[in-house]
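predicted structure and sequence below. I'll ask about it afterward.
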Amino acid sequence: MASSIGEPLELNAEEQRIYELLGDCFEQERRRIAKALAGKDDSNLFGQTEFDLRDRVHALGAKALEVVADDHQKKGRIRES
């Protein structure tokens, strides 16, 4: 995870597959975040908006874990409890 933000990121086949699995949910959330931030003036970017954004990003991370775990389970890589 040492790559810089502007640097192209090379993905191996498994990483690319997961990237594509996550694409739709990330894209939808990116639109929601852009819409929420565009509706705020400079004086309202922090405070409650900041906390709302953090919550959305944490929820997105949880969704990513859910999508990948579901994919692994479909492939039999996660045993049912």
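Ah, there it is.

make it CA atoms for all contacts and neighbour counts henceforth
Fine.

which strands or helices does the helix or strand in which residue 52 is found pack on?
In the assignment (DSSP states H and E), residue 52 maps to helix 48-74. Under the contact definition 3 or more Cα pairs under 8 Å, 6 or more residues apart in numbering; DSSP states H and E, helix 48-74 sits against helix 13-38.

between the helix it packs on and helix 48-74, how many degrees?
Here the directions of helix 13-38 and helix 48-74 differ by 160 degrees (axes from the mean of the first three to the mean of the last three Cα atoms, to 10 degrees).

so which elements touch helix 13-38?
Applying 3+ Cα pairs under 8 Å, 6+ apart, we find helix 13-38 packed against helix 48-74.

which stretches of this structure have low pLDDT?
1-4, 77-81 (pLDDT under 70).

one more time with 90
Counting by pLDDT under 90, the chain contains low-confidence ranges at 1-9, 24-25, 36, 39-45, 71-81.

neighbours of residue 20, how many?
11 (other Cα atoms under 10 Å).

now residue 64
Neighbours around residue 64, by other Cα under 10 Å: 19.

same thing with residue 15?
Using other Cα under 10 Å, residue 15 is surrounded by 11 other residues.

report the buried residues of the helix holding residue 52.
53, 56-57, 60, 64, 67 (16 or more other Cα atoms under 10 Å).

quick check on residue 46: phi, psi?
Taking degrees, to the nearest 10, you get phi -110, psi -170 for the backbone angles of residue 46.

format the buried residues of helix 48-74 as CSV; extra columns: distance to residue 34.
Shown next, in CSV, are the buried residues of helix 48-74 (distance: Cα to Cα, whole Å):
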residue, distance to residue 34
53, 10
56, 12
57, 12
60, 14
64, 19
67, 23
